[in-house]
Structures are given as C-alpha cells and as structure tokens.
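[1] Pasting a predicted model and its sequence here:
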Amino acid sequence: MPLLEVTDLRTHFHTRNGVVRAVDGIDFPLEPGETLGIVGESGSGKSVTCQSLMGLLPQPPARITGQALFAGTDLLSCRPRELRAIRGRRVAMIFQDPMTSLNPYLRISDQLIEPLLIHEKLGRKAALARGLEMLEAVGINDAATRLHHYPHEFSGGMRQRVMIAMALIARPELLIADEPTTALDVTVQAQILDLLRRLQRELGMAVIFITHDLGVVAGLCDRVQVMYAGRIVESATTTELFARPQHPYTRALQRSIPALQPKGSELFTIPGLPPDLSRLPPGCAFAPRCEFAVEKCRTSDAPPLVETKPAHRSACLRVQSGEL
C-alpha cells in the first residue's frame, strides 16, 4: 500500500488578472522508502505541489482540490489540528533557501528543537541532547558550540545542514526536499546528497526530491516525474527515463545538461519560454516550443498522461499514436 497517494491535485490561484493554474490535475503514488524525483523548469509547479500537500499556501488566493492520502489521512481535507500533528513529525520539508527559512533572531538551538518540544513533549534538556546528536549526524563540526550560534554565523552549506537536521530530528516517514542544493557549490552539493542518502537508509523514510537538475535525479531517485505548466508530462523509473525518454520536453531537458554537450560546442537551450499559466494555449502546453509539434498538438485537447510502456507514462499525442 502506498505511503502517499495523490489524486487529481489542483492548485489554482485566483488573482485580479485571472486564474493561475499552478498545478492542474496531477496523480502519483509514493511507496514507503521510495525516492521520487519531480523535475522541470522554474514555474512548472514542483514547489507548489509540495506546499499544497503540506498545507503551506494561504487560501485564498489559493484554491486546492483533489485528494492526498497519507497513511489513510487526506492531507487536503483533514482538520488543521490533525495536519499540525502530521506536519513536522511524520512529514517534514527542507525548504529551498535556508537563509530565509531560518529565523535570524533565534539561536539555532531554539529552532532545531522546536519539533521535539511540540510533537514529542520532550523537556528542553533532553531535546537539546537530541539536537546536538542531529547536528553531529549532519556533519557540523564543534556541534556543542555551534548549537547556540545564530544563522548568520553559519555558511550556506552549514545552514543547509541545519535545515536537514531540523527536518529529520523527529524521524519523519516522509521527507520533502525542495531543491536543497540549488545555492551550494558542487563540492558541498555532493556532501549534502550523500548525507541525504545515508540518513534515508538509516531512518527508512520516503523522499520527494524537487529539482531542475537531472544529474542529481540520476544518482538519487528511484522514479522520476517530469512537470511542465502544472502537469506531469512523463513518469517512469529513473533508469527507463534516462535510457528511453518519450516526451519531447524530457528529451530537451536531457539535451540541456552541460556535461553531455560536445566539448567546445554551443550549449543547447530549449527555445522560447514557459507559458503564462493564466492563459494556457490550446492543445499541448509545450507545443509552441516543441520541434516535433504538428497541427493536432496545437488544436486538440490537452493530452492526458497515459501508459505507453509498462510503468512508463507520457502525455505526448505523437508518442501515444506511435508516430514518435
């Protein structure tokens, strides 16, 4: 039985300029202990998907519909008290920017042990001991001293480690990592990814990993979902997706990986820009940028995500008809 089952999730923002369909009807399961990668360009709906599941979006202007069953509890319709009991304890999230996610006025110790004080009702002394263990586990040197420092006294990589420690201190069943290595240099990025792998094995948790970096996905995830314009356009195991990508957008993302470019050649870029989510074009949203698009791609209804091979789904009309 899946740990998380998301069905027809839609997050629309009602603004003065119209309805922005940030997430427009996505479905996916997540098995216990599995690592699911969600990839796509900025604005494709990756972060909004997970913020919707965590109940972090103000309503209004957001309007969230669908179902997200986590161990039998619907995260989208449960009472706020139920959601607070799950969030931070059973489901945790690492946010994209550690500097703006940490409170600059509070010491690291106060922010780190807060989940233990709220969810596990530990005393401050016991919570600080757990916090110290967690900082050591994520590789913070001289953790006993650092525990009482402020966020501005840490480097970017160390703040990211603190965010990981905060997310994992209550030993959650599901971790949502929203581009946790975006602002880090390559060496620190590799250290953070190794740390996440190790802690996932030790705790046996499931992970949803949001990123725009396909190279990270290749080494970390079991299964990948590619998002574009608020929809999932391709879903497959990591091995299958990299060996036999089916959607033209996935192929274009792979061609954009700098390490795969011939030495000295001009880097490939996907032409055009992502669409305005309040004024989506008819047909396939990627058609205006797609080198394989034909008339039916631009005029038919938005293509559904269908299984084209076992455990491999694609939302390309030409792939579904066997033309590509």
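    Here it is on my side, so go on. Numbers count the residues shown, from 1 in each chain.
[2] just the helices in the stretch 101-250 of the chain please.
    Ranges of helices in the stretch 101-250 of the chain, per DSSP state H, counting those that start in this stretch, are 108-119, 124-137, 143-146, 156-168, 186-203, 214-220, 238-243, 248-255.
[3] Please identify the most buried of those.
    Neighbour counts (mean count of other C-beta atoms under 10 Å) averaged over each of the helices of the stretch 101-250 of the chain peak at helix 156-168, with a mean of 23. Placement of C-beta: from N, CA and C, glycine included.
[4] now the strands: where do they sit in the chain?
    In the chain, the segments counted as strands under DSSP state E are 4-15, 18-30, 35-39, 62-70, 73-74, 91-94, 174-178, 206-211, 223-228, 231-237, 306-309, 312-314.
[5] residue closest to the middle of the protein?
    Nearest residue to the geometric centre of the chain (C-alpha atoms, centre = their mean): residue 210, 2.6 Å.
[6] and it, what does it touch?
    37, 38, 39, 46, 47, 50, 176, 177, 178, 179 (C-beta atoms under 8 Å, 6 or more residues apart in numbering).
[7] now, which of those residues sits nearest residue 280?
    Of all the contacts of residue 210, residue 280 sits closest to residue 46, with 17.4 Å by C-beta to C-beta.
[8] if I look at the closest one, how far off is residue 162?
    The gap separating residue 46 from residue 162 is 23 Å, by C-beta to C-beta, to the nearest Å.
[9] What residues of stretch 34-53 count as buried?
    By neighbour count on 16 or more other C-beta atoms under 10 Å, the buried set for stretch 34-53 is 34-41, 43-53.
[10] tell me how far stretch 244-258 is from the chain's mean position?
    Chain-centre distance of stretch 244-258: 19 Å, with C-alpha atoms, centre = their mean, to the nearest Å.
[11] Extract the C-alpha trace of it and format it as CSV.
    Output in CSV follows, covering the C-alpha atoms of stretch 244-258 (Å, rounded to 0.1, in the frame of the first residue of the first chain):
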residue,chain,number,x,y,z
ARG,A,244,14.3,5.9,-23.3
PRO,A,245,12.8,9.4,-22.7
GLN,A,246,9.5,9.6,-24.6
HIS,A,247,8.2,13.2,-24.2
PRO,A,248,10.0,15.9,-26.3
TYR,A,249,10.2,18.1,-23.2
THR,A,250,12.1,15.3,-21.3
ARG,A,251,14.5,14.9,-24.3
ALA,A,252,15.1,18.7,-24.4
LEU,A,253,15.9,18.7,-20.7
GLN,A,254,18.4,15.9,-21.1
ARG,A,255,20.0,17.8,-24.1
SER,A,256,20.3,20.8,-21.8
ILE,A,257,22.7,19.0,-19.4
PRO,A,258,26.0,20.8,-19.9
